[in-house]
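1. coordinates for the following, if possible.
(chains A, B, C and D)
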4 protein chains.
Amino acid sequence: MTLRNGDAYRKSLRKLRPNVHKWGELIEDVTTHPSTRLHVQSVAASFDAAFDPERAPIFTAISHLTGKAAHRWNTLMRSAEDVLGNARMKRAQFRFSGTCQGATCAGWTGLNALWAVTHEADAELGTGYHARLRDYFREVEEHGYALAGALTDAKGNRAVKAGKQAHADAYLHVTEERPDGIVVRGVKAQICAVAAANEIVVLPGTAYGPEEKAFAVAFAVPRDVEGLTIVETRRPSDTRDEEEGWDSPKIGTITQAWLLFDDVFVPRHRVFLCGEAQYTGRLVSIFSAIYRAAIGACVAGQGDVMIGAALALARANGLSQKTFQEKLTQMAVNNEVTFGVGAGAMLLGKPHPSGVFVPDPLLAHVNKVQVGRLPYETKVIAQDISGGIAETGCLPSFKDFEAPEYGDALRAAAAGAEDGETRARLARLVEWLTIGGGVPGCMHGGGSPDGARLAIKGLVNWEGSVANARRIAGVTGELPEPR
Amino acid sequence: MTLRNGDAYRKSLRKLRPNVHKWGELIEDVTTHPSTRLHVQSVAASFDAAFDPERAPIFTAISHLTGKAAHRWNTLMRSAEDVLGNARMKRAQFRFSGTCQGATCAGWTGLNALWAVTHEADAELGTGYHARLRDYFREVEEHGYALAGALTDAKGNRAVKAGKQAHADAYLHVTEERPDGIVVRGVKAQICAVAAANEIVVLPGTAYGPEEKAFAVAFAVPRDVEGLTIVETRRPSDTRDEEEGWDSPKIGTITQAWLLFDDVFVPRHRVFLCGEAQYTGRLVSIFSAIYRAAIGACVAGQGDVMIGAALALARANGLSQKTFQEKLTQMAVNNEVTFGVGAGAMLLGKPHPSGVFVPDPLLAHVNKVQVGRLPYETKVIAQDISGGIAETGCLPSFKDFEAPEYGDALRAAAAGAEDGETRARLARLVEWLTIGGGVPGCMHGGGSPDGARLAIKGLVNWEGSVANARRIAGVTGELPEPR
Amino acid sequence: MTLRNGDAYRKSLRKLRPNVHKWGELIEDVTTHPSTRLHVQSVAASFDAAFDPERAPIFTAISHLTGKAAHRWNTLMRSAEDVLGNARMKRAQFRFSGTCQGATCAGWTGLNALWAVTHEADAELGTGYHARLRDYFREVEEHGYALAGALTDAKGNRAVKAGKQAHADAYLHVTEERPDGIVVRGVKAQICAVAAANEIVVLPGTAYGPEEKAFAVAFAVPRDVEGLTIVETRRPSDTRDEEEGWDSPKIGTITQAWLLFDDVFVPRHRVFLCGEAQYTGRLVSIFSAIYRAAIGACVAGQGDVMIGAALALARANGLSQKTFQEKLTQMAVNNEVTFGVGAGAMLLGKPHPSGVFVPDPLLAHVNKVQVGRLPYETKVIAQDISGGIAETGCLPSFKDFEAPEYGDALRAAAAGAEDGETRARLARLVEWLTIGGGVPGCMHGGGSPDGARLAIKGLVNWEGSVANARRIAGVTGELPEPR
Amino acid sequence: MTLRNGDAYRKSLRKLRPNVHKWGELIEDVTTHPSTRLHVQSVAASFDAAFDPERAPIFTAISHLTGKAAHRWNTLMRSAEDVLGNARMKRAQFRFSGTCQGATCAGWTGLNALWAVTHEADAELGTGYHARLRDYFREVEEHGYALAGALTDAKGNRAVKAGKQAHADAYLHVTEERPDGIVVRGVKAQICAVAAANEIVVLPGTAYGPEEKAFAVAFAVPRDVEGLTIVETRRPSDTRDEEEGWDSPKIGTITQAWLLFDDVFVPRHRVFLCGEAQYTGRLVSIFSAIYRAAIGACVAGQGDVMIGAALALARANGLSQKTFQEKLTQMAVNNEVTFGVGAGAMLLGKPHPSGVFVPDPLLAHVNKVQVGRLPYETKVIAQDISGGIAETGCLPSFKDFEAPEYGDALRAAAAGAEDGETRARLARLVEWLTIGGGVPGCMHGGGSPDGARLAIKGLVNWEGSVANARRIAGVTGELPEPR
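-> As a prediction, the model looks like this:
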């Protein structure tokens, strides 16, 4: 099938066994439940884009397996341009829905990172993972899957290693190896887009040592696999999604979930690493390089919407663009810095012998650091431009605007250079983008800025800089670290 | 009575006519309704503080009228120390409830600013406002009122003056002057703490010209005055306040409202300005000087709680203070800068001939600019320290933690160095402080940073600096502005 | 000849007519005069690099004209990789000498920009500029020229257009067109590396309108052309270059000059634009795109040396890297952001029909904005790490260290974990990099950040962002700019 | 005498034995030598101010000893207003000369800090230091001394304690105690204003432990005391002070020196601490509180001149204030933040039982952190506004402007909306303020920002914040630091 539209995608989700919960209840149909339908809706739009001549070049790419057009997130990234295609798709998605789509991101990136690592493992250890992965990749493409990617474990006590945790399930691990497959249990936490995904690609969330083999496991499962309980998380103001009216936009949303693996069986052909702890560091490193090269595009795309929302609201307030031009330009600069550093990581990247393209890790991690600061500044500027009405707690509810007794008075009072509903809708959009349900997990999503700084520390050539400084200063001593 | 406790305060609120609405419905009792009770609860704690020997020095002061102890927010601020007392009380309130209390702030500040302006008007015009205000101040003190202060008008089209608006009610104005009083109509928007107040002090929100006399009006009304309809606004995640469990803290909250004045009658003895447009600029200026000198204490107090929440969560995650010391210190620096610049404004302030103390306006406005940036940086750092669980959309709902089928598994998975409930509660606190209902209106509350910058431009001695530079550089020309 | 070494380059400079002045005096030999020799020395090192197998790939490239290896700055940049080669060379140069080399930058970039514009002019107007430029490019390559590039005019009154200036020479202009060439006069100011160049490529510094044809002129002249008087500028602490000892490093330096064109004749074959005002905007735009894509590499390279100098001094003070790791990492992040955004501009660039590659202008201008801020933060951190000795005015002169009476006592007193001379040399390097002669013109060199912001304003799709926001918010009105 | 004018002050300096060196040579007369005369000149202006009715209230104060008017820097600071007077005097001094005066700062602050500490020591140990100090204070006032203050030791290896240094003279110490006095040796480094001082007040630079008694010594000596060799340091572009013309302003300057104490005898009545190591921490702490409360006024005053210089140059360039208003306002905000946080420290300060007033140490240290960042941002903005001519290395020397051959052409070329000399003088002023000899030691002067951060860490109530957060979140566990 390869390319499918949004309806076909929705249909595929409806076929899955219900195992997603929110508010303590089971969600029967993720495509219609108020907590998940907006997320599904925005992912569906990305499927539909394959059939829109204008958007197809962004949302599709040529498959490395079949040479045919496929959904971009079902293909291998083989060049800087392919990773740039990833970034451009993400920016387009954020511009479309104002927020993250998830189901075309981490799972896909995980498969790409596994492409390199299984290639290495097979070459060095004679394992057969790479061929299995190719088969799975083919299945992904043929079915046009939406994919979640699960890396982050529950992690328990952060000062204690995976194998020493009081609560064994704090990290996902293999409990049994059988001839036909493996059994896994444990908790993956804060996993994006599971409700909107057909399949979940599960990877180790960190580098493991030789004594932690049980945690060095990568595989793929259907979202509704037996033994898996999925619990959705809360987002800011998430109950608004379930309400009528304009108190939240109704185009897209993001969802995240905790995955409780209770002795889940994974058949052998879907296992891509099992015990090869020495590859987990590599895997996380390649995953991060790809993921963080593109992450700046996400926040740039949301930043584009913030620019539009703030500027639109300023106009609705009666003020023109030039009043806020310096601030608007700063928002644009922030957007482009995160997009641009990521693009730089791509230009400086290198193809891996397996065929996958790996962006420059130093610039990728540097971008993660930017993503942990610049979008927040952009949000603050958006609130600054928009005025008090959009900041926080400043606008009555949609229900109040509909109240027979005083709703008309409110509408009249909310009017500016545009009518009250227009101002209210735009104010709610700014609120949603800056302090509401549309806020993506810029800070820790895909790993924390402190982790990125640690990686940067490891990648910078400090001694080379010292050597240059010594030479220029005419210092002959070696200048070792003091004891 | 002068000093009353929280129960007496609650009782006084229950006596008021119900005229506060939310969700399109009338709130019968603000002390028990889930949308308002937390706000009332935190204000009640400030009343109770008068009877706690440790807190009484912060929450009470000596009345300028009676020489007796009174609730601090019922007294005139007559010295730098009195304004510092205001700041210290606010910081203590934020430390107590984590958020704004409102009912001990803008109304009080408004009365203090009116103290100066009515004194000037009487001296110059022979009006009798100051004596009326003294009488009202005495009433305030005797009853121990909680006071809202209403300055911000709905404002309509920001490019159009008050008198030229398409919708006349965009600015509150006098529609009739009678021998016994005046009739006012129009909308005050985003007014804090009305639901927790006994009385509302209404002031002009900006400086008016001679052709805008109808808008130059200041007065006080009971919260339940005839003709006044109050509509509460939404805050981020405000429905959580109405839920059971820990998805929001249940100690305090902030509320804001839109006030629809539909031909409200105000008796003459409660009118403090009516038509004297030439004093509105002064009034706003003195109000801002007092308000903005103290505003840094609010954000510092919330910042203190953010420090505590982030540090507590880090420990619950298993990490020690030293891991994040540089970030924690930066949070503390941000807190103290806003507190300190405000204190500086007090030291540089001057007593007004009427007896009220007016902080230095330049430093007060500078502090507003800081308050529009530093607390946001502090929030970002709090999220950075806390980890993904507190950032956004990362934790299942309380209801899910209680779910029979998987609640225990969630609790186990959420545990770190402390149990799962502890981590969940702390994560929710960080969320509430940084992206939830606890976020105060730092940016535009009490006026926007851009307005403050405009005021700063007017207060700085630019030509003096040019003269110094010319002298030092040895430049003899006058260096006027180029044509 | 194509590739020549540093000695051959020095020899070529010595053949030029002396027309460079400093301190009111004529410099007889720029290769030995204390004001210019260090600049020549560092450029010479770039020539020598062509013969060093390790550095040759960075400092040479394949000529588009001859297919042979040439000095990189004598070749056309035809791909993102070629522009990246430019960036890498600049970073290597800064790492080598700690500062700007100039003579391998603006002139070269000017020729590349002219390559596109002359191609367009010829196609549209039938002029023969492109062929002339090819011939000149060939000459440049054959002789292995070092090239200055002169864009910035003296500019006079900034509020007045070029043709309306009180002082006609404020902008370089054509005073006479002859059959065999043109005569030009006027002043180019703050031109880098003239003293170290064989030739000067002269371009318009801004976009001109049809009434300003006389200023729309581009050409190349030998540095010693008749009628040209060159006056070197002062740099911070520049007299130290002329002193013995370690009070400034003696490896490289930067020079800038004012060029007084007093009716200079330029033969026709070296004229590349003359009166075609409609191409000046394009020319400046393409120049900026290339120049600003690479400028981040310059500041990154200097930042690398700052890292090394600060870290070396910290060690000499007795403190280890980990004491300052967070600050060092921030320095590295700043370096990589400017390098990375530039690289991003390259990846997003496009080849021009003429064959030259033009980086993305939006990201290039965004990088200029970063370059106007981040390196300054890096300098501040370098001083912070280094301690008071390197900050400003904290170390006695080399002469004092040599004083018989107390020099030994000073050396002993200056010792830390390393001897006194080592600390003094490193402190002087930090001072030179952060507040001395090594500071490059990050702010206004190659145009100001405000100019870049203006260009960004023109390139961002503001209305597209508004349209997205309207759609997501569900706003149907058009939201035009308020009247 | 008490109050003396600038001439009397100069005369007193000329009476001192020459013991100040620069460039390896002895300075015979600091009032005329080109390296020191400008510093003396600006201090002389502060003496003259006592006789100028307009400036006298700033530059004089009432003596605590005699009740008469005295030079402000000869008096005890007994109230917040007195410390504010210190700050206002410093801001006025920087506005006058554009830079630091030194001789009315650290020595004075040292005496104030000693006032408290000697009082404590006498009370607890029965020593007689306080009476001696009162006598010395009286001498200071009677003679109207200019005072240097010497705290910073050479320090040697920063990882090694004072008593364990390889080079014993790295820290000043007592080598002999005699009945009539003590003998000291060692090096004080980077001491400001010694060349312009009559006396030097010497204090321990850090807190010492009981095993470091020899370093716990405080005393005062005449600048020309036997055995003291003074070596001036270099500043950026310091040779310009010795040149004719406008390449540096000729109104004021700063000097710093290294003090080589070679067995200097100090008579008993001028010794204020000797061996009482337990008071050194207190002494440094009180010194810092006073010094850092006022330090923001210094940078604010220089910032005022930067505003004036940038604005003046913008006008000379032909551009009006409104072009740069947002940047100018940011400069003003930076100035006022440092001034204001210091003023806040004063308001929150407390009188010491001895009578001296001690500002709040937390806000004082917070201000030091600001002073290590904000003035640098202000400098960057000044360069941004001023244009390339003022940035670095962009203007020919004064000698070139005087060159017969091309000087007139340069003057014409340098003209903007004002003549060339005016622009050159202003550009040199901006350069001097931002990257030249006028730059004060904001970063490490009076201690480093990192030291201030450490102090802040010690002063913040972290556990109180945790307790508040626990209470608000409803967490019952104690949340101790993880093991």
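2. and the closest residue to residue A:37 other than its chain neighbours, how far from residue A:50?
-> Excluding the flanking residues, the one nearest residue A:37 by CB to CB, 6 or more residues apart in numbering or on different chains is residue A:31, at 5.9 Å. C-betas here are computed from N, CA, C, even on glycine. Distance check for residue A:31 against residue A:50: by CB to CB, to the nearest Å, it reads 19 Å.
3. where does the residue nearest the centre of chain A sit: helix, strand or coil?
-> Residue closest to the mean C-alpha point of chain A, counted by CA atoms, centre = their mean, is residue A:102 at 4.8 Å. Put simply, residue A:102 is coil when judged by DSSP: H, G, I helix; E, B strand; the rest coil.
4. near chain C, which residues of the stretch 151-300 of chain A show up?
-> A:246, A:249, A:250, A:251, A:252 (CB under 8 Å from any CB of the partner chain).
5. closest one of those to chain D?
-> Set against chain D, the nearest of these by CB to the nearest CB is residue A:249 (30.8 Å).
6. OK, contacts around that closest one?
-> Taking CB atoms under 8 Å, 6 or more residues apart in numbering or on different chains, we find residue A:249 in contact with A:98, A:428, A:429, A:432, A:438, C:472, C:473, C:474.
7. hmm, back to that, out of the residues of the stretch 151-300 of chain A next to chain C, which is most surrounded?
-> residue A:249 (28 neighbours; other CB atoms under 10 Å in any protein chain shown).
8. that one and residue A:213, how far apart?
-> 47 Å.
9. likewise residue A:105?
-> Separation of residue A:105 from residue A:213 (CB to CB): 29 Å.
10. please identify which of the two sits among more neighbours.
-> Remark: of residue A:105 and residue A:213, residue A:105 carries more neighbours, 26 against 18, as counted by other CB under 10 Å.
11. quick check, the more buried one in contact with residue A:192.
-> Yes - Residue A:105 is within contact range of residue A:192, at 7.3 Å (criterion: CB atoms under 8 Å).
12. joint contacts of the two?
-> Counting by CB under 8 Å, 6+ apart, the residues touching both residue A:105 and residue A:192 are residue A:149.
13. could you list the low-pLDDT ranges of chain A?
-> For chain A, the stretches with pLDDT under 70 are A:1.
14. one more pass at 80, please.
-> Filtered on pLDDT under 80, chain A yields the residue ranges A:1, A:392-393, A:483.
15. output the longest helix belonging to it.
-> Longest helix in chain A, counting residues (DSSP state H): helix A:280-317.
16. which SSE is immediately downstream of that helix?
-> Remark: after helix A:280-317, the chain's next helix or strand is helix A:325-347, criterion DSSP states H and E.
17. quick one on the thing from earlier: so among the contacts of residue A:249, which ones count as buried?
-> Buried members of these, counted by 16 or more other CB atoms under 10 Å in any protein chain shown: A:98, A:428, A:429, A:432, A:438, C:472, C:473, C:474.
18. surely the fourth one and residue A:237 touch.
-> In other words, residue A:432. Yes - taking CB under 8 Å as the definition, residue A:432 is a contact partner of residue A:237 at 7.4 Å.
19. related to what we said a few turns ago, mind giving me JSON lines with the contacts of residue A:249 and columns for distance to residue A:77 and secondary structure?
-> As requested, the contacts of residue A:249 are exported to JSON lines (distance: CB to CB, whole Å; DSSP: H, G, I helix; E, B strand; the rest coil):
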{"residue": "A:98", "distance to residue A:77": "25", "secondary structure": "coil"}
{"residue": "A:428", "distance to residue A:77": "37", "secondary structure": "helix"}
{"residue": "A:429", "distance to residue A:77": "33", "secondary structure": "helix"}
{"residue": "A:432", "distance to residue A:77": "31", "secondary structure": "helix"}
{"residue": "A:438", "distance to residue A:77": "27", "secondary structure": "coil"}
{"residue": "C:472", "distance to residue A:77": "29", "secondary structure": "helix"}
{"residue": "C:473", "distance to residue A:77": "34", "secondary structure": "helix"}
{"residue": "C:474", "distance to residue A:77": "35", "secondary structure": "coil"}
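20. quick one: which two of the residues you listed are the most distant?
-> Maximum pairwise distance among these (CB to CB): 14.1 Å, between A:438 and C:474.
21. quick revisit: list the residues that contact the residue nearest to residue A:37.
-> A:10, A:13, A:14, A:37, A:40.
22. surely the first one meets residue A:40?
-> Spelled out, that is residue A:10. Yes - contact between residue A:10 and residue A:40 holds when scored by CB under 8 Å: they sit 6.4 Å apart.
23. when the two are compared, which one has more neighbours?
-> residue A:40 (28 against 20).
24. tell me how far the host helix or strand of the more buried one lies from the chain's centre.
-> Taking DSSP H and E as the definition, residue A:40 sits inside helix A:37-48. Centroid separation for helix A:37-48 versus its chain: 15 Å, with CA atoms, centre = their mean, to the nearest Å.
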